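Enquirer: Predicted model and sequence below, questions to follow.
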Amino acid sequence: MSANSKFKTPSGHALKAQKGQDPIVCLTAYTTPMARLVDKHCDVVLVGDSVGMVLHGFESTLSVTMDMMIMHGQAVRRGVDQALLVVDMPFGSYEHNKEQAFENAAQLMRKTGCEAVKLEGGAHMAETIAYLTQRGIPVMGHIGLTPQSVKAMGGYSVQGRGDDHKRIMEDAKAVEDAGAFAIVLEMVTQPLADEITKLVGVPTIGIGASVNCDGQILVVDDLLGLFSSFKPKFVKRYAELADEADAAIELYAREVRARSFPTDAHVYAAKAKKS
Ligand SMILES: Nc1nc(=O)c2c([nH]1)NC[C@@H]1CN(c3ccc(C(=O)N[C@@H](CCC(=O)O)C(=O)O)cc3)CN21
Ligand SMILES: CC(C)C(=O)C(=O)O
Ligand SMILES: [Mg+2]
């Protein structure tokens, strides 16, 4: 029995070693039942701060709090026992200084039992990422389109088409050098994603980036067709569950109004029937 065998989930180091191997499969989850479905097929489950837009109806991720990430992180933890569990640090919980970042990252790990945290930002967050990783907190980076900066960026648009190409390359290198075990590349051009994937020694996880990234991630509600307030180009719908739910709810409403539901099969007689 190896010294590590009591840890049943993979570590950030195990994921790091997967660069250049089979593609790393990642999805989000925010609840226990969805976590169970996703855990079965994925290497990484992310409790994304996209939960604010997908489950709480916020217009951006800026309103998401530590309490929300802790509650959804705990729910997802109960459904994940195979994949690496990563929790997003919410807006305002890590930008002030590295001590604030450590305090909140430690709280996320302590209260949810996740294996790692993710935070947005490139070179300007390198010092913070180094501070966390040197103190035992595995960090996943996230560069390119960083949704917590939507108000500064003026929208959710493709990154790296102009003179920001060089800056994003430098961001990737800085985040790797700071000790991140993997880096999410969101909505950067394919040539830029490919250059970064070749440049860095840690896995790149693409979302609207490139088929050549070391892994891919999507919001699971997007691929299931459960979320439709917007549909970025990078989303592929593998199912239309909202349409199925709509049809089911419509039929229920019709049957209640027609008094065709419930039937004898759904109500209780005075005496239990022998079966
Ligand atoms: N459900 C969901 N899926 C996501 O991928 C996601 C979230 N929520 N919330 C946080 C961020 C926000 N994201 C977004 C939101 C909108 C676009 C979007 O509208 N993109 C368009 C316009 C592109 C452009 O202007 O150049 C697109 O066609 O891709 C992209 C990413 C990605 N993240
Ligand atoms: C889409 C992924 C990368 C994310 O950060 C989120 O779901 O919040
Ligand atoms: Mg996020």
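Expert: Happy to help now that I have it. Only a predicted model underlies this, so the values are computations on that prediction, with no experimental measurement involved. Ligands and ions are numbered 1, 2, ... in the order given.
Enquirer: Can you give me the buried ones in the helix-or-strand element of the chain with minimal mean pLDDT?
Expert: Within the chain, confidence by mean pLDDT, DSSP states H and E is lowest for helix 12-16 among all helices and strands, at a mean of 85. For helix 12-16, the neighbour count (16 or more other C-beta atoms under 10 Å) marks 12, 15-16 as buried. The C-beta positions use only the backbone N, C-alpha and C, and glycine is treated the same way.
Enquirer: Close to ligand 1 as well: tell me which of those residues qualify.
Expert: Counting by C-beta under 6 Å from any ligand atom, nothing from the buried residues of helix 12-16 sits close to ligand 1.
Enquirer: elements contacting the least confident helix or strand of the chain?
Expert: Applying 3 or more C-beta pairs under 8 Å, 6 or more residues apart in numbering; DSSP states H and E, one finds that helix 12-16 contacts strand 84-88, strand 182-186.
Enquirer: 10 Å instead, please
Expert: strand 84-88, strand 139-144, strand 182-186 (3 or more C-beta pairs under 10 Å, 6 or more residues apart in numbering; DSSP states H and E).
Enquirer: before we move on, back to that, looking at the buried residues of helix 12-16, spot the one nearest ligand 2.
Expert: Leu15 (14.8 Å; C-beta to the nearest ligand atom).
Enquirer: Run a quick check on that closest one versus Ala182, I expect a contact.
Expert: Yes. Contact criterion C-beta atoms under 10 Å: Leu15 and Ala182 qualify, at 5.8 Å.
Enquirer: re the thing from before, let's have the buried residues of helix 12-16 in CSV, adding distance to Ile196.
Expert: Formatted as CSV, the buried residues of helix 12-16 follow (distance: C-beta to C-beta, whole Å):
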residue, distance to Ile196
Gly12, 19
Leu15, 17
Lys16, 16
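Enquirer: Lovely, talk soon.
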